[in-house]
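sequence first, then the predicted structure:
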Amino acid sequence: MAANSAKDENVLVLMDGTKISTRPLKISLLRPFMKKFEELTAVAQDNEKSMDVLIECVKIAMKQYKPEILEDDVKLEEILDLPTVYKIVEAASGVKIQETDLLNM
């Protein structure tokens, strides 16, 4: 079986109807993604800071999934909801997580 098989790919629909194909990040993006993701533990008690870290993780993932979305930070936040952010983080890392896992870090 190939490392990146078709079953590893999922299609997510953003709030504006944009479809993105997600799969685990390539190593060159996974490194900065995981470094940013680790920052969650330090800000877990601050919802705003936690959201900022998650959005930064999504931005790293979007470099692989749909780079043109990164042109406008405001638009990016307008087309995401929290469940989709969690799905993107999960798809990017290749690790199954639950919303409660992120909230209890």
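Looks like it came in fine.

got the contact list for residue 19?
By Cβ atoms under 8 Å, 6 or more residues apart in numbering, the contact set of residue 19 is 11-13. All C-beta spots, glycine's among them, are computed from the backbone N, C-alpha and C.

out of the residues you listed, which are inside strands?
Among the contacts of residue 19, the members found in strands (DSSP state E) are 11-13.

for those residues, which one is nearest residue 95?
Closest to residue 95 out of the ones in strands among the contacts of residue 19 is residue 12 (16.5 Å), distances taken as Cβ to Cβ.

per-residue pLDDT, that closest one?
As predicted, residue 12 sits at a pLDDT of 96.

which stretches of the chain form strands?
Using DSSP E, strands in the chain cover 10-13, 19-22.

let me know which of those is tucked in deepest.
Mean neighbour count (mean count of other Cβ atoms under 10 Å) peaks for strand 19-22 among the strands of the chain, with a mean of 15.

mean confidence for that strand?
Per-residue scores along strand 19-22 average to 96.
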